[in-house]
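Q: Give the three-dimensional model of this entry:
(one chain, ligands or ions: 1)
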Amino acid sequence: MKGRAGLFWRVGKIHRKAARFSAITTLHLSNKVKEMTTPVTTLNLPFGLTFADLYHREGLLKLDQVFLEFLQIRNKDLSGQYTRARQGESSGESALLLSLSPLVNQFIGALFEEEAASSLRQEHQKFAIILEVNRQFVQRVAIKQYPASIAASFEGASLRQVLEAYTNPDDEQALAEQILTWLAASENYQSELDLASRYTAWAVQTEEGQRYHRGQSLYAVPHKLDSDHLIPVEPTGSHGAWQLPEGHRRLRDGFSLTDEGLSRESTLHQAHYCIWCHHQGKDSCSKGLKPKKPEEGGERFQKNSFGAPLVGCPLEQKISEMNEVKSQGLSLAALSIIMIDNPMVPATGHRICNDCMKACIYQKQDPVNIPGVETQILKEVLSLPWGVEIYSLLTRWNPLNFQRPVLLPDSGYKVLVVGTGPAGFTLAHHRRGFAQPYEWRIRGRR
Ligand code: SF4
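A: Below you'll find the predicted structure:
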């Protein structure tokens, strides 16, 4: 459910769940509108916290203290590193973010009794098998053994029929598990592995195969980028018009988006496709694609074939870290990482800006679909029973934001923000959290 109706539905859901918790909730409501607009005041939170605590600074400090104790009990060393990082004494922020992520995910999940968060993780782990077989077998063995010119001569339907004696080839999870079993004792299953090679090579490299398995990650392989043909349009044959091929067209209905964004599976696929360049300090999606020889030409960034500088994310969001944490199924922690730099993420992501994708290290093949991953992480969290509250809390308390984990006290300053686009409302958000006058620079305007 989208937009205002979706928000109202969520508020109604919060009300129903809070009532089940025997919390102090709302007045008796006689109609839907009242239910939608009446605030829920209390939720039975663990650790002696109240729902109201999540909305004022003293309560947030209490929550922060509980988190620090939790961390101290779970991992003393990490707790020490974390304390130093919050005091501005630590280097290696990315490594620390990754080490903290499982515990942050667990803590926030426990705070909101989100069992759904751990089942989300299990689902991710199950799906990881598909990605493993895609990388190790489909990409490295099958399509090399049977390139497109050979795969074109295969009969997909007949191969599928033979495979059915072992497993259901329409079920990518089942087929991936079967291939893994064969690979584990490959000397005994040469003919079975050859059958799987032929079938997956056909599915990946023929139009019919791609149509049959559209959207399945087991058969997804990156394509070479052709900057002159970024959109695969074809002539309609009349009036000099062009159109997308069958199966790619979407009808516009009012102002709604015409696509649903990435599925959970495709998101995980993209998070694994990313090679987590922050480990080498080369996450150009975030920092921009630097010239190979910086001393030449004096340019700060490389340009693409259209002459546009590849500046990366205007917010310098920690994209590589987000992808790595997401690949482990830690959606709550991945959202916390996004929100260090982009607390207003519901207004960005999919279909807003793709400067990050343009600057991705993959310049000759499909870049990582970063905005798609970002938006799906947000959607996954919002779809949890207390997802809206989790997002809202992270705008005021974010343990992965080492510089400002807790909203600062009111500075007494009054700030006029002119314009309510993404820059304006992000500025307004950041001003809320700084007690001192703050210099604001928009890096995207280099
Ligand atoms: S999104 Fe691209 S540039 Fe960024 S870390 Fe992943 S592979 Fe590297």
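
Q: what does the stretch 201-350 of the chain have sitting close to the ligand?
A: Contact residues, the stretch 201-350 of the chain versus the ligand (Cβ under 6 Å from any ligand atom): 274-277, 283-285, 319-320, 323. Quick note: C-beta positions are derived from backbone N, CA and C, even for glycine.

Q: Among those residues, which pair sits farthest apart?
A: Using Cβ to Cβ, the pair of these lying farthest apart is 284 and 323, separated by 13.4 Å.

Q: quick one: which of those two has more around it?
A: residue 323 (29 against 24; other Cβ atoms under 10 Å).

Q: The residue in the stretch 101-250 of the chain positioned nearest to the ligand in helix, strand or coil?
A: Closest residue of the stretch 101-250 of the chain to the ligand, Cβ to the nearest ligand atom: residue 222 (11.0 Å). Following DSSP: H, G, I helix; E, B strand; the rest coil, the label given to residue 222 is coil.

Q: Tally up the residues packed near it, please.
A: 13.

Q: show me where the stretch 51-200 of the chain has helices.
A: Here the stretch 51-200 of the chain has its helices, by DSSP state H, counting those that start in this stretch, at 57-74, 76-86, 93-111, 115-133, 143-145, 148-151, 156-163, 172-184, 190-205.

Q: possible to save those helices as JSON lines with mean neighbour count and distance to residue 327?
A: JSON lines is the format used below for those (neighbours: other Cβ atoms under 10 Å; distance: least, Cβ to Cβ, whole Å):
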{"stretch": "helix 57-74", "mean neighbour count": "16", "distance to residue 327": "22"}
{"stretch": "helix 76-86", "mean neighbour count": "15", "distance to residue 327": "20"}
{"stretch": "helix 93-111", "mean neighbour count": "20", "distance to residue 327": "11"}
{"stretch": "helix 115-133", "mean neighbour count": "17", "distance to residue 327": "8"}
{"stretch": "helix 143-145", "mean neighbour count": "15", "distance to residue 327": "23"}
{"stretch": "helix 148-151", "mean neighbour count": "14", "distance to residue 327": "29"}
{"stretch": "helix 156-163", "mean neighbour count": "15", "distance to residue 327": "29"}
{"stretch": "helix 172-184", "mean neighbour count": "18", "distance to residue 327": "17"}
{"stretch": "helix 190-205", "mean neighbour count": "21", "distance to residue 327": "22"}
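
Q: Per-residue pLDDT of the closest residue to the ligand within the stretch 1-150 of the chain, please?
A: Residue of the stretch 1-150 of the chain nearest the ligand, by Cβ to the nearest ligand atom: residue 94 (10.8 Å). With respect to pLDDT, residue 94 scores 95.

Q: check contacts around the closest residue in space to it that isn't next to it in sequence.
A: Leaving out its chain neighbours, the residue that sits closest to residue 94 by Cβ to Cβ, 6 or more residues apart in numbering is residue 278, at 4.9 Å. By Cβ atoms under 8 Å, 6 or more residues apart in numbering, the residues touching residue 278 are 94, 286, 318, 320-321, 324.

Q: out of those, which are inside strands?
A: Counting by DSSP state E, none of the members of those fall within strands.

Q: Going by distance to the ligand, which of the residues you listed wins?
A: Proximity of the contacts of residue 278 to the ligand (Cβ to the nearest ligand atom) peaks at residue 320, which lies at 3.5 Å.

Q: Surely residue 231 is in a strand?
A: No: under three-state DSSP, residue 231 falls outside any strand and is assigned coil.

Q: and it, what is it in contact with?
A: Counted by Cβ under 8 Å, 6+ apart, residue 231 has contacts residue 244.

Q: cutoff 6 Å now
A: Under the criterion of Cβ atoms under 6 Å, 6 or more residues apart in numbering, residue 231 has no neighbours.

Q: Next: residue 319.
A: 285-286, 356, 370.

Q: what does residue 350 give?
A: Taking Cβ under 6 Å, 6+ apart as the test, what residue 350 contacts is 261, 371-372, 375.

Q: likewise residue 207?
A: Counting by Cβ under 6 Å, 6+ apart, there are no residues that residue 207 touches.

Q: Let's see the pLDDT reported for it.
A: Predicted confidence (pLDDT) for residue 207: 91.

Q: Same check on the one 4 residues further on?
A: Predicted confidence (pLDDT) for residue 211: 90.

Q: now, the most widely separated pair of the contacts of residue 278?
A: Going by Cβ to Cβ, the pair spanning the contacts of residue 278 furthest: 286 and 324, at 12.7 Å.

Q: No further questions, thank you.
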